[in-house]
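> sharing a model that was predicted from the sequence below.
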Amino acid sequence: MTLVIKGARPYGEGEPVDVLVEDGVITSIGSVKVPEGAEVLDAAGQVLLPGFVDLHTHLREPGREDTETIDSGSAAAALGGYTAVFAMANTDPVADNALVTDHVWRRGQEVGLVDVHPVGAVTVGLNGAKLAELGTMAKGTAGVRVFSDDGVCVADPLLMRRALEYSTALDAVIAQHAEEPRLTVGAQAHEGEQASRLGYPGWPASAEESIVARDCLLALHANARLHVCHVSTAGTVDVLRWAKDRGTKVSAEVTPHHLLLTDDRLDTYDPVNKVNPPLRTGRDAEKLRAALAEGVVDCVATDHAPHAPQDKDTEWNAARPGMLGLQTALSVVVETMVKTGLLDWRGVARVLSERPAEIGNLPDHGRRIAVGEPANLALVDPDAEWTVRGAELASIAANTPYEGMRLPGVVTATVLRGRITAREGKIR
Ligand SMILES: NC(=O)N[C@@H](CC(=O)O)C(=O)O
Ligand SMILES: [Zn+2]
Ligand SMILES: [Zn+2]
């Protein structure tokens, strides 16, 4: 299996080069004579990046295969430039045991488009009452290294403390959906002017920030690793900075939608904009962008959350929160971070690939583009634009908030272990 990527610029830097890939490994970079029988990817004018890694995806299998499967979600991921994704545990049944986590891993490998790493639940049934068997999931075929009750918060501080303590022995990380549930009862939108005007019960910033602060302290005292899911407020950035300065082993992600969208969009009452945590203010989005550029927020994770029309196209209060993200993430990062001069392509590689691979403990993803390294790669046309159409995305569900938007940056090919998984918008 030989592949030559012709004329790409790694990290968008320097002169165009050819990259030779043999048996899944980069074996030469420079001017490459195409070996007989080799596949050629013409990459003139394109940026070559390490394949993206998504720490936060909802694939809905098992349980809601009418909205997304490991198959359809893997296709969306490959088309979005991803070579590895972490599938959240809030499925039905919940991924709170090795039977489910090993199934998700094996099914992902069968599909073969992207490495699907199951996230294990922290508590049995996501009920927040009893720790799940983290050790059994870690020792299974899937080798689970990320645990989360995402969708709900591990609100009990004693249970969170135990989970953090236990995770250190497994070399794992606890990813927290930071939402103090007592502060968000009935909440429908970011607590602020816009929610008051529209008459929605508010989701206060303090519900997120208080849990992040608490968990940082728990992690610091346990010398454990904490990952904060979908950071959405300016105040959380301040808490993270404080915790990191004190040596807390905390990492954090921001979603593309919290970088680009604000609660201004709620004027239309369209539930496509309903998400948890809610879209915040322009000031929050601006601070999140700066924090991502600086590294206080480590990476971008999609929180790709497919929903069926009957659960989403309803009146606002009844609609499920969440939005698609896998195929639009790169473009939203280009729009918010590259076009604004906050990140160069090296920075894009850091926030979409290198840091998430480190946090998720994936040794073969997020690697340097260099000889001897595994060929997990994404090729991006930096000058192209495209118009988002939910119906055309690979996901079964179509709940994209970017419908009809024109966005910059097109993923033209994705390579997993030397094999092309997506090319020119089509799955291979
Ligand atoms: N983000 C969301 O609004 N929804 C997620 C759950 C979650 O990430 O909290 C989902 O599973 O649909
Ligand atoms: Zn969540
Ligand atoms: Zn989520």
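Alright, I've got the coordinates. Ligands and ions are numbered 1, 2, ... in the order given.
> when you work out contacts or count neighbours from here on, use the C-alpha atoms and nothing else.
Noted.
> pLDDT (mean, whole number) over whichever strand or helix holds residue 288?
Applying DSSP states H and E as the criterion places residue 288 in helix 282-294. In this model, helix 282-294 carries a mean pLDDT of 99.
> contact partners of the next helix or strand after it?
Downstream of helix 282-294, the first helix or strand assigned by DSSP H and E is strand 299-300. With Cα atoms under 8 Å, 6 or more residues apart in numbering as the test, strand 299-300 has contacts from 54, 252, 253, 254, 255, 256, 292, 350, 351, 352, 355, 356.
> restrict those residues to those near ligand 2?
Among these, no residue is within reach of ligand 2 (Cα under 5 Å from the ion).
> now the residues you listed in a markdown table, with distance to residue 329 and neighbour count?
Conversion of the contacts of strand 299-300 to a markdown table gives the following (distance: Cα to Cα, whole Å; neighbours: other Cα atoms under 10 Å):
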| residue | distance to residue 329 | neighbour count |
| --- | --- | --- |
| 54 | 10 | 29 |
| 252 | 17 | 26 |
| 253 | 13 | 28 |
| 254 | 11 | 26 |
| 255 | 8 | 23 |
| 256 | 6 | 25 |
| 292 | 14 | 23 |
| 350 | 14 | 23 |
| 351 | 11 | 27 |
| 352 | 9 | 28 |
| 355 | 16 | 23 |
| 356 | 14 | 29 |
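> what ranges do the strands span in the stretch 251-400 of the chain?
Secondary structure of the stretch 251-400 of the chain, counting by DSSP state E, counting those that start in this stretch: strands at 299-300, 377-387.
> pretty sure residue 366 is touching residue 359, no?
No: counting by Cα atoms under 8 Å, residue 366 stays clear of residue 359, with 10.5 Å between them.
> please identify which of those two sits among more neighbours.
Set residue 366 next to residue 359 and count neighbours by other Cα atoms under 10 Å: residue 366 wins out with 27 against 21.
> next up, phi/psi of that one, please.
phi 60, psi 30 (degrees, to the nearest 10).
> next one: it from residue 327, what distance?
18 Å (Cα to Cα, to the nearest Å).
> and residue 240, by the same measure?
Taking Cα to Cα, one finds residue 240 at 28 Å from residue 327.
> same thing with residue 237?
Counting by Cα to Cα, the gap from residue 237 to residue 327 is 26 Å.
> neighbour count winner among these two?
Shown here are residue 237 and residue 327; by other Cα under 10 Å, residue 327 has more neighbours (27 against 23).
> my guess is that one meets residue 77, correct?
Yes: here residue 327 reaches residue 77: they are 6.5 Å apart, a contact under Cα under 8 Å.
> okay, and the common contacts of these two?
In contact with both residue 327 and residue 77: no residue, using Cα under 8 Å, 6+ apart.
> re earlier: run through who's touching the helix holding residue 288.
The contact list for helix 282-294, computed with Cα under 8 Å, 6+ apart, reads 232-234, 237, 254, 258-262, 297-299, 336-337, 342-343, 347, 351.
> if we go to 7 Å?
233-234, 237, 258-260, 262, 297-299, 337, 342-343 (Cα atoms under 7 Å, 6 or more residues apart in numbering).
> and what of stretch 242-256?
216, 219-220, 224-232, 297-303, 329, 332-333.
> what residues does the helix or strand containing residue 3 touch?
Per DSSP H and E, residue 3 falls inside strand 2-10. For strand 2-10, the external contacting residues (Cα under 7 Å, 6+ apart) are 15-23, 34, 38-49, 418.
> hmm, 6 Å instead?
Residues outside strand 2-10 that contact it (Cα atoms under 6 Å, 6 or more residues apart in numbering) are 16-22, 38-44, 46-48.
> near ligand 2, which of the contacts of stretch 242-256 show up?
Of the contacts of stretch 242-256, not one also sits near ligand 2 (Cα under 5 Å from the ion).
> distance from the chain centre to the longest helix along the chain, please.
Counting residues, the longest helix found in the chain (DSSP state H) is helix 205-222. Relative to its parent chain, helix 205-222 has a centroid offset of 21 Å by Cα atoms, centre = their mean, to the nearest Å.
> alright, I will stop here.
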